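Asker: predicted model and sequence follow; I will ask about them next.
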Amino acid sequence: MKRWALLLAAFIAAAQGAELTPLEREGRVIYLEGTSPSGARIGARIGQGGMDISGQVGACGNCHGEDGRGRPEGGIEPSVIVWSDLVKPYGHQHANGRRHGPYDERSLKRSLTDGVDPDGHVLDAAMPRYSMSERDFRSLVAYLKVLEQVRDPGLTDEAIRVGTLLPLTGRLAEAGLAVRDLLQGGFAAINARGGIHGRRLELVTHALPETGAATDLREWLATQPVFALLAPLSAGVEADLAEAVSRDHLPVIGPLTLFPEDRRESNPQIFHLLPGVPELALLLAQQAARDPGRVGRPAVLLHADQAASLAVAQAVQAQMRDAGWTQVATGALRPGAGGHDQLAAELKGRGVATALLLGAGGEWPALARAGQRIGWLPRWLLPGPLASRETVELPPAIAEQVTLAYPSAPGDRRADAVRELEKLSGQPRHQAVQVAAYAASQLLVEALKRSGRELSRRKLLATLEAVQGFETGLMPPLSYNADRRIGAWGGYLVGVDAANRTLRPLGGYERLP
């Protein structure tokens, strides 16, 4: 007995000090997802009739839990299957009275494939009988041997390491520093109150370079042990971030960008707070479509002269067509007065009645003025984040044709939440990004509290997915589900008051379909 205990202690110490081996990583996929990294089929039979199910439906982790400790649910009590428990020399006695000796690799394989324990007793019909390759079985066993010591990167008994990606030099340095200081202050306040379930929050800030940010963030994420990312400034590297975090199920809460991924193709690890330019564009198109005569006339989506902006325009174009717009074209908005005059004349000649802006926001007033000079006065639809100060200084003939959409409004901000934000940030700097970062930190902290002490990335993702109507006090309530990764799914429509050079609300909060 003493020798067995010493061997087990040595095994645990080794598991704690090492990364997962390739075989153990394959086993983790099989355990949690019921699929083979090699592409080989994993099947299962379940119930008295031996009904065939996929390995994904019968994945071990579905019943035994990520940690292998098998908490009771629905009248079924899954066994504890961490290796130290499976191989304990004095065997097992189950709640139903069944007794048997310890497992080894051979008897475990027989249990998985034939449904009998080491003493030959038949297992409960709820336990699947699996078919898998020899390599997949060895991978699964390798992972079971280290399961009880495995924790997601960035998670220890004492701390939760949370990363963020921010520019700390160059033209965006002030915004990056403002977000970093706010998050550090918020984490310090939480830690002073005892942390979250006995763990302190640690902020790990990575400085994104002005050039080569995409390559830099991929390399950093591949080597840095952080449990989640909070409010990274991901503008310009959205696709690279999504690709990098998907591999390791790394949760990302509240990335700071105007271009969230399309909702029908969104990365399940990334939880946005507010809609960006594409969603606000759809809200504007939804409002404009209430005029039946406008839907049937030509419309144009004006985008920046860049491949990424064109891709956004094409995605919005497809969704507008699905919503009933019959003539929707895309066009690049290029700088230069000559280009504006030429484009205005071209769009007038095509009979364009609606122009929706998706990029190059600083250029559109010049295009609108060029259009006015030749008698082209379309309905202008602008996502608010792209609007410049010049928007309220346009001639009345243009201004009265302008509708903007914003993801939130000043009325969304409660006095108590604003006071707390000011307490943490001191002198307000770059208030828009600070508001977004603070709200993101509130969402993360709430999800960590709900997830409990037995924490994992997958559990945090599932908890975030179940959030409904969460109030940050700074923006509309946040809700998520299996198909939605943008918390506040709507916005406010706003017009231009040309006489007073200000904006005027056109109603209350409007939801997207």
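Answerer: Arrived safely, thanks for sending. Fair warning: this is a prediction, and the values are worked out from it, not measured in the lab.

Asker: any idea how far N481 is from G375?
Answerer: Applying Cβ to Cβ, to the nearest Å, the value for N481 to G375 is 48 Å. All C-beta atoms are positioned from the backbone trio N, CA, C, and that covers glycine.

Asker: then L302?
Answerer: Counting by Cβ to Cβ, the gap from L302 to G375 is 19 Å.

Asker: so between those two, which is more surrounded?
Answerer: The neighbour comparison of L302 against G375 (other Cβ atoms under 10 Å) goes to L302, with 27 against 8.

Asker: so that one sits in a helix?
Answerer: No: L302 is assigned strand when assessed by DSSP: H, G, I helix; E, B strand; the rest coil, not a helix.

Asker: packing partners of the biggest strand by length in the chain?
Answerer: If you go by DSSP state E, the chain has its longest strand at strand 502-511. For strand 502-511, the elements it packs on are helix 277-288, strand 490-497, judged by 3 or more Cβ pairs under 8 Å, 6 or more residues apart in numbering; DSSP states H and E.

Asker: could you tell me the least trusted of these?
Answerer: Per-segment mean pLDDT for the helices and strands packed on strand 502-511 reaches its minimum on helix 277-288, at a mean of 91.

Asker: I'd like the next helix or strand past it.
Answerer: Once the chain leaves helix 277-288, the next helix or strand it forms, by DSSP states H and E, is helix 292-295.

Asker: and that following helix, what does it pack onto?
Answerer: Using 3+ Cβ pairs under 8 Å, 6+ apart: helix 292-295 touches no other helix or strand.

Asker: which of the residues in it are buried?
Answerer: 294-295 (16 or more other Cβ atoms under 10 Å).

Asker: chain center to it: distance?
Answerer: 36 Å (Cα atoms, centre = their mean, to the nearest Å).

Asker: same question, stretch 433-443
Answerer: Using Cα atoms, centre = their mean, the offset of stretch 433-443 from its chain centre is 14 Å.

Asker: in what helix or strand does the residue lying closest to W83 once chain neighbours are set aside lie?
Answerer: Nearest residue to W83, sequence neighbours excluded (Cβ to Cβ, 6 or more residues apart in numbering): K145, at 4.5 Å. Using DSSP H and E, K145 maps to helix 134-146.

Asker: same question, V418
Answerer: helix 415-425.

Asker: show me the shaky parts of the chain.
Answerer: Applying pLDDT under 70 to the chain picks out residues 1-18, 73-75, 261-266, 335-338, 427-428.

Asker: try 50 this time
Answerer: Within the chain, the ranges that satisfy pLDDT under 50 run 1-18, 262-265.

Asker: center of it - which residue?
Answerer: I270 (1.0 Å; Cα atoms, centre = their mean).

Asker: the closest residue to that residue other than its chain neighbours and V226, how far apart?
Answerer: Distances taken as Cβ to Cβ, 6+ apart place V252 nearest to I270, at 4.4 Å, with adjacent residues excluded. As for V252, its distance to V226 is 10 Å (criterion: Cβ to Cβ).

Asker: so those two - more neighbours on which side?
Answerer: More neighbours surround V252 than the other of V252 and V226, with 26 against 23 (other Cβ under 10 Å).

Asker: how about the contacts made by that one?
Answerer: By Cβ atoms under 8 Å, 6 or more residues apart in numbering, the contact set of V252 is 228-230, 232, 241, 245, 267, 269-271.

Asker: now with 6 Å, please.
Answerer: 229, 245, 269-270 (Cβ atoms under 6 Å, 6 or more residues apart in numbering).

Asker: tell me what it is bridged to.
Answerer: Beta-bridge partners for V252, by DSSP bridges, are L229, I270.

Asker: distance of Y143 relative to L123?
Answerer: Note on Y143: its distance to L123, by Cβ to Cβ, is 21 Å.

Asker: neighbour count: the two, which is higher?
Answerer: Ranked by neighbour count (other Cβ under 10 Å), Y143 and L123 place Y143 first, with 25 against 18.

Asker: can you tell me how far that one is from V80?
Answerer: 15 Å.

Asker: do the same with G371
Answerer: The value you get for G371 to V80, if Cβ to Cβ is used, is 71 Å.

Asker: so those two - more neighbours on which side?
Answerer: G371 (24 against 17).

Asker: the nearest residue to V204 once chain neighbours are set aside: which element?
Answerer: Excluding the flanking residues, the one nearest V204 by Cβ to Cβ, 6+ apart is G163, at 4.6 Å. Secondary structure assigned from DSSP H and E places G163 in strand 159-166.

Asker: on that earlier part again, which one (most neighbours) among the contacts of V252?
Answerer: L229 (29 neighbours).

Asker: that one reaches V162, doesn't it?
Answerer: No: L229 is beyond contact range of V162, at 7.4 Å (criterion: Cβ atoms under 6 Å).

Asker: and the helices in the stretch 1-150 of the chain?
Answerer: For the stretch 1-150 of the chain, the helices defined by DSSP state H, counting those that start in this stretch cover 2-16, 22-33, 60-64, 83-86, 105-114, 134-146.

Asker: buried ones in the second one?
Answerer: Across helix 22-33, burial judged by 16+ other Cβ under 10 Å covers 24, 26-33.

Asker: turn those into TSV, including distance to L448.
Answerer: Listed next are the buried residues of helix 22-33 as TSV, based on distance: Cβ to Cβ, whole Å:
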residue	distance to L448
E24	27
E26	30
G27	28
R28	23
V29	25
I30	28
Y31	24
L32	21
E33	24
